[in-house]
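**Student:** This is a predicted model, with the sequence first.
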Amino acid sequence: MEIKLFDKWWLQLLKGIFFVTGGILILNLGPYKYLMNPIFAGIFLMVFGILDIFTSLSNRTLNYAWQWLLAEGLQYLFFGLILMMKQDITFSIIQLLFGILAMFTGILHFSASINFRNAGVRRWFAATFNGLVAAGLSIVIIFFPESEQDISAVIISAYIIAEGVLVMLSALLLEQVAFDYS
(Lines give C-alpha, C1' and ligand atoms only; values in the text may rest on other atoms or scores of the structure.)
Protein backbone atom coordinates (compact mmCIF):
# COMPACT_ATOMS: atom_id res chain seq x y z
CA MET A 1 0.00 0.00 0.00
CA GLU A 2 1.47 3.33 -1.02
CA ILE A 3 0.68 6.40 1.05
CA LYS A 4 1.80 9.77 -0.24
CA LEU A 5 2.01 12.60 2.25
CA PHE A 6 3.77 15.09 -0.01
CA ASP A 7 4.61 15.11 -3.67
CA LYS A 8 6.41 18.45 -3.34
CA TRP A 9 8.56 17.47 -0.34
CA TRP A 10 11.46 19.36 -1.88
CA LEU A 11 9.74 22.67 -1.03
CA GLN A 12 10.23 21.85 2.65
CA LEU A 13 13.82 20.89 1.93
CA LEU A 14 14.30 24.26 0.22
CA LYS A 15 12.73 26.00 3.22
CA GLY A 16 15.16 24.22 5.54
CA ILE A 17 18.14 25.16 3.39
CA PHE A 18 17.07 28.82 3.37
CA PHE A 19 16.49 28.75 7.12
CA VAL A 20 20.00 27.43 7.77
CA THR A 21 21.49 29.90 5.30
CA GLY A 22 19.59 32.79 6.88
CA GLY A 23 20.66 31.78 10.38
CA ILE A 24 24.30 31.49 9.35
CA LEU A 25 24.09 34.81 7.50
CA ILE A 26 22.70 36.48 10.61
CA LEU A 27 25.46 34.96 12.75
CA ASN A 28 28.31 35.82 10.40
CA LEU A 29 27.25 39.31 9.42
CA GLY A 30 26.16 40.47 12.85
CA PRO A 31 23.08 39.09 14.54
CA TYR A 32 22.19 42.31 16.32
CA LYS A 33 22.37 44.36 13.12
CA TYR A 34 20.16 42.05 11.05
CA LEU A 35 17.64 41.27 13.75
CA MET A 36 17.30 44.99 14.46
CA ASN A 37 16.32 45.51 10.84
CA PRO A 38 12.61 44.61 10.83
CA ILE A 39 12.43 44.68 7.02
CA PHE A 40 15.06 41.93 6.73
CA ALA A 41 13.39 39.80 9.40
CA GLY A 42 9.93 40.44 7.92
CA ILE A 43 10.92 39.45 4.39
CA PHE A 44 12.70 36.40 5.79
CA LEU A 45 9.56 35.22 7.60
CA MET A 46 7.19 36.08 4.76
CA VAL A 47 9.18 34.01 2.25
CA PHE A 48 8.89 30.97 4.51
CA GLY A 49 5.24 31.62 5.13
CA ILE A 50 4.56 31.65 1.40
CA LEU A 51 6.58 28.42 0.92
CA ASP A 52 4.59 26.68 3.67
CA ILE A 53 1.24 27.91 2.39
CA PHE A 54 2.06 26.80 -1.17
CA THR A 55 3.28 23.39 0.04
CA SER A 56 0.23 22.80 2.22
CA LEU A 57 -2.30 23.85 -0.42
CA SER A 58 -0.61 21.85 -3.17
CA ASN A 59 -0.66 18.71 -1.00
CA ARG A 60 -4.09 19.03 0.58
CA THR A 61 -5.51 16.16 -1.46
CA LEU A 62 -2.63 13.86 -0.45
CA ASN A 63 -1.91 14.81 3.12
CA TYR A 64 -4.59 14.56 5.78
CA ALA A 65 -2.48 16.81 8.08
CA TRP A 66 -1.93 19.61 5.55
CA GLN A 67 -3.73 22.16 7.75
CA TRP A 68 -0.85 22.14 10.28
CA LEU A 69 1.58 23.26 7.59
CA LEU A 70 -0.94 25.87 6.41
CA ALA A 71 -1.21 27.20 9.97
CA GLU A 72 2.59 27.37 10.20
CA GLY A 73 2.76 29.30 6.93
CA LEU A 74 0.07 31.71 8.05
CA GLN A 75 1.88 32.37 11.33
CA TYR A 76 5.15 33.11 9.50
CA LEU A 77 3.28 35.42 7.15
CA PHE A 78 1.53 37.15 10.08
CA PHE A 79 4.73 37.73 12.06
CA GLY A 80 6.54 38.82 8.88
CA LEU A 81 3.84 41.40 8.18
CA ILE A 82 4.06 42.73 11.73
CA LEU A 83 7.80 43.21 11.36
CA MET A 84 7.41 44.85 7.95
CA MET A 85 4.73 47.27 9.14
CA LYS A 86 6.32 48.30 12.45
CA GLN A 87 9.65 49.89 11.56
CA ASP A 88 10.15 51.41 15.03
CA ILE A 89 10.01 48.06 16.81
CA THR A 90 12.56 47.46 19.58
CA PHE A 91 14.85 44.47 19.92
CA SER A 92 13.00 43.26 23.03
CA ILE A 93 9.77 43.10 21.00
CA ILE A 94 11.56 41.27 18.17
CA GLN A 95 12.92 38.85 20.78
CA LEU A 96 9.40 38.29 22.13
CA LEU A 97 7.97 37.83 18.61
CA PHE A 98 10.60 35.24 17.68
CA GLY A 99 9.99 33.46 20.99
CA ILE A 100 6.25 33.33 20.39
CA LEU A 101 6.86 32.24 16.80
CA ALA A 102 9.12 29.42 18.02
CA MET A 103 6.51 28.33 20.56
CA PHE A 104 3.71 28.25 17.98
CA THR A 105 5.99 26.40 15.55
CA GLY A 106 6.78 23.84 18.23
CA ILE A 107 3.10 23.31 19.02
CA LEU A 108 2.22 22.96 15.33
CA HIS A 109 5.01 20.46 14.64
CA PHE A 110 4.11 18.44 17.72
CA SER A 111 0.42 18.42 16.70
CA ALA A 112 1.31 17.28 13.18
CA SER A 113 3.44 14.49 14.64
CA ILE A 114 0.42 13.20 16.55
CA ASN A 115 -1.52 13.05 13.28
CA PHE A 116 1.37 11.21 11.62
CA ARG A 117 1.67 8.73 14.50
CA ASN A 118 -2.08 8.04 14.56
CA ALA A 119 -2.01 7.40 10.82
CA GLY A 120 0.80 4.87 11.20
CA VAL A 121 3.56 6.91 9.60
CA ARG A 122 6.77 5.44 11.02
CA ARG A 123 8.74 8.68 10.76
CA TRP A 124 6.47 10.75 13.02
CA PHE A 125 9.30 11.16 15.53
CA ALA A 126 11.04 13.76 13.33
CA ALA A 127 8.11 16.17 13.67
CA THR A 128 7.88 15.44 17.41
CA PHE A 129 11.56 16.20 17.91
CA ASN A 130 11.24 19.39 15.85
CA GLY A 131 8.29 20.49 17.98
CA LEU A 132 10.09 19.82 21.25
CA VAL A 133 13.26 21.64 20.14
CA ALA A 134 11.30 24.67 18.90
CA ALA A 135 9.22 24.85 22.09
CA GLY A 136 12.32 24.51 24.26
CA LEU A 137 14.20 27.21 22.39
CA SER A 138 11.15 29.47 22.56
CA ILE A 139 11.31 29.43 26.34
CA VAL A 140 15.01 30.35 26.23
CA ILE A 141 14.34 33.15 23.71
CA ILE A 142 11.39 34.63 25.62
CA PHE A 143 12.94 34.53 29.07
CA PHE A 144 16.53 35.40 28.18
CA PRO A 145 17.42 38.83 29.62
CA GLU A 146 16.95 41.56 27.05
CA SER A 147 20.01 43.34 28.45
CA GLU A 148 22.17 40.67 26.79
CA GLN A 149 21.10 41.55 23.25
CA ASP A 150 24.13 40.09 21.47
CA ILE A 151 23.76 36.70 23.16
CA SER A 152 19.99 36.81 22.69
CA ALA A 153 20.46 37.47 18.97
CA VAL A 154 22.80 34.47 18.77
CA ILE A 155 20.16 32.30 20.47
CA ILE A 156 17.54 33.47 17.96
CA SER A 157 19.98 32.64 15.15
CA ALA A 158 20.56 29.22 16.71
CA TYR A 159 16.79 28.66 16.71
CA ILE A 160 16.61 29.60 13.03
CA ILE A 161 19.45 27.22 12.15
CA ALA A 162 18.02 24.39 14.30
CA GLU A 163 14.59 24.82 12.72
CA GLY A 164 16.18 24.69 9.26
CA VAL A 165 18.13 21.52 10.02
CA LEU A 166 15.06 19.82 11.52
CA VAL A 167 12.84 20.88 8.60
CA MET A 168 15.42 19.46 6.17
CA LEU A 169 15.49 16.20 8.14
CA SER A 170 11.71 16.01 8.11
CA ALA A 171 11.62 16.77 4.39
CA LEU A 172 14.09 14.00 3.64
CA LEU A 173 12.06 11.56 5.72
CA LEU A 174 8.88 12.69 3.99
CA GLU A 175 10.58 12.19 0.63
CA GLN A 176 11.04 8.54 1.57
CA VAL A 177 7.41 8.35 2.65
CA ALA A 178 6.23 9.92 -0.60
CA PHE A 179 7.95 7.28 -2.70
CA ASP A 180 8.12 4.12 -0.62
CA TYR A 181 5.87 3.60 2.34
CA SER A 182 3.90 0.50 3.11
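**Tutor:** Now that the structure is in, tell me what you want to look at.
**Student:** low-scoring stretches of this structure, by residue?
**Tutor:** Applying pLDDT under 70 to the chain flags the ranges 1-8, 30-36, 62-65, 146-147, 174-182.
**Student:** ok, the residue nearest the centre of the chain - contacts?
**Tutor:** Per CA atoms, centre = their mean, the C-alpha nearest to the average position across the chain is that of Glu163, at 5.4 Å. Listed by CB atoms under 8 Å, 6 or more residues apart in numbering, the contact partners of Glu163 are 16, 19, 102, 105, 130, 133-134. C-betas here are computed from N, CA, C, even on glycine.
**Student:** Flag every buried residue along the longest helix belonging to the chain.
**Tutor:** The longest helix of the chain (DSSP state H) is helix 149-179. In terms of neighbour count (16 or more other CB atoms under 10 Å), helix 149-179 has its buried residues at 149, 152-175, 177-178.
**Student:** same thing with stretch 104-122?
**Tutor:** Of all the residues in stretch 104-122, those buried under the rule 16+ other CB under 10 Å are 104-113, 115-116, 121.
**Student:** Ok, stretch 135-153 next?
**Tutor:** Neighbour-count burial for stretch 135-153 flags 135, 137-138, 141, 144, 149, 152-153 (criterion: 16+ other CB under 10 Å).
**Student:** Identify all contacting residues around that stretch.
**Tutor:** With contact meaning CB under 8 Å, 6+ apart, stretch 135-153 is reached by 26, 31-32, 35, 91-92, 95-96, 98-103, 105-107, 110, 155-156, 158-159, 162.
**Student:** State the distance from the residue nearest to the centre of the chain to His109.
**Tutor:** As judged by CB to CB, to the nearest Å, Glu163 and His109 stand 9 Å apart.
**Student:** Could you count how many residues lie near Phe40?
**Tutor:** Residues within reach of Phe40, counting by other CB atoms under 10 Å, total 17.
**Student:** name the element it belongs to?
**Tutor:** Phe40 is part of helix 38-58, with elements assigned from DSSP states H and E.
**Student:** Tell me which other helices or strands that helix touches.
**Tutor:** For helix 38-58, the packing partners by 3 or more CB pairs under 8 Å, 6 or more residues apart in numbering; DSSP states H and E come out as helix 9-29, helix 31-35, helix 66-85, helix 91-119.
**Student:** Tabulate the ones you listed (TSV), appending distance to Asn59.
**Tutor:** Shown next, in TSV, are the helices and strands packed on helix 38-58 (distance: least, CB to CB, whole Å):
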stretch	distance to Asn59
helix 9-29	9
helix 31-35	32
helix 66-85	5
helix 91-119	12
